[in-house]
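Peer 1: Structure here, sequence nowhere to be found:
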């Protein structure tokens, strides 16, 4: 076992024990979990025994293609949806799903940026009829409702849903429906999307997978403070981000229980401390404190866990 793998294992053990403990343990357990995350980010860059993220992605893509040969329905007839797929982790996730044979709907708020992303993906993969952009604004329940109706109109099941899109540490704002922006986008939007597509997920012949991209920031909050969500005066951009990510974890956990016996699995993940567009609202001094170049991992590394949960046979039927 490499040193990086050991740190990753230690982080997992601490996380699991912290989550099972009382609220105060959960709160202070956040510190060692995040320290492990930073150490892993550094070791992941310098430890030559750690498999490269590209090799891990390739392994999952090949694994999924192998599963496709014995499944009721081949991957080429299956549909995957990735929110926020025009950049970052979502982009790399969409690329891997396309390479595995899935038709991929890239659900993006900005269709122009999504279209540009499709062009890049087609150049990089040689796949010209795999990626499709559909408009989805997770900060608008009307937009989500339209997206869900458009998917239903296709009369296709949804085999993979990756709830990836999100915002972090933005100035106070509200969604189109009057909900604090981070909670409304990161949690409420994905909640409405997932619930709206439940029938399409349940009807997937080989079972379906829901992958929820959360964050270690969920450990920052002992509970969901609804006053902090509802009242602008109590808004704190980092704490409210943590609240939205805790809501992701709680939703994924509850949904997994609700869907037991349906062959729809639900898994939630922390992608690592990754240099993505989520950092755009953070001040230069904050990023500097995090020692960006040393600690923050590449986007492709952050996508490996989402891709593993979406494609690997190791987690088939595990929720």
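Peer 2: Nice, I can see it. Nothing here was measured: the structure is a model prediction, and the numbers come from that model.
Peer 1: What is the burial count for residue 214?
Peer 2: Neighbourhood size, residue 214 [other CB atoms under 10 Å]: 23. (Glycine included, C-beta is placed from N, CA and C.)
Peer 1: and it, what does it touch?
Peer 2: Going by CB atoms under 8 Å, 6 or more residues apart in numbering, residue 214 touches 245, 248, 249, 252, 268, 269, 270.
Peer 1: how about low-confidence regions in the stretch 1-150 of the chain?
Peer 2: Scanning the stretch 1-150 of the chain for pLDDT under 70 picks out 1-50.
Peer 1: For it, which segments count as helices?
Peer 2: Assigned by DSSP state H, counting those that start in this stretch, the stretch 1-150 of the chain shows helices spanning 3-20, 23-46, 53-70, 88-99, 111-125, 141-153.
Peer 1: Could you pull out the buried residues of stretch 141-156?
Peer 2: For stretch 141-156, the neighbour count (16 or more other CB atoms under 10 Å) marks 141, 143, 144, 147, 148, 151, 156 as buried.
Peer 1: Just the residues contacting it, thanks.
Peer 2: The contact list for stretch 141-156, computed with CB under 8 Å, 6+ apart, reads 79, 81, 105, 107, 134-138, 158, 176-177, 188-189, 192-193, 196-197, 200.
Peer 1: Centre of the chain to it, how far?
Peer 2: Its chain's C-alpha centre and that of stretch 141-156 lie 20 Å apart, by CA atoms, centre = their mean, to the nearest Å.
Peer 1: cool, stretch 209-220 as well?
Peer 2: For stretch 209-220, the distance to the chain centre is 7 Å (CA atoms, centre = their mean).
Peer 1: doesn't residue 253 make contact with residue 268?
Peer 2: Yes: taking contacts as CB atoms under 8 Å, residue 268 lies within contact range of residue 253: 7.2 Å.
Peer 1: quick one: which of the two has more around it?
Peer 2: residue 268 (22 against 15).
Peer 1: which strand residues sit across from the more buried one in the sheet?
Peer 2: Beta-bridge partners recorded for residue 268 (DSSP bridges): residue 212.
Peer 1: For residue 194, see how far away the closest residue to residue 193 other than its chain neighbours is.
Peer 2: Distances taken as CB to CB, 6 or more residues apart in numbering place residue 144 nearest to residue 193, at 5.4 Å, with adjacent residues excluded. Distance of residue 144 to residue 194, given as CB to CB, to the nearest Å: 10 Å.
Peer 1: Show me where the stretch 201-319 of the chain has its strands.
Peer 2: Along the stretch 201-319 of the chain, counting by DSSP state E, counting those that start in this stretch, strands occupy 208-213, 264-269.
Peer 1: looking at the ones you listed, which is buried most?
Peer 2: strand 208-213 (a mean of 26; mean count of other CB atoms under 10 Å).
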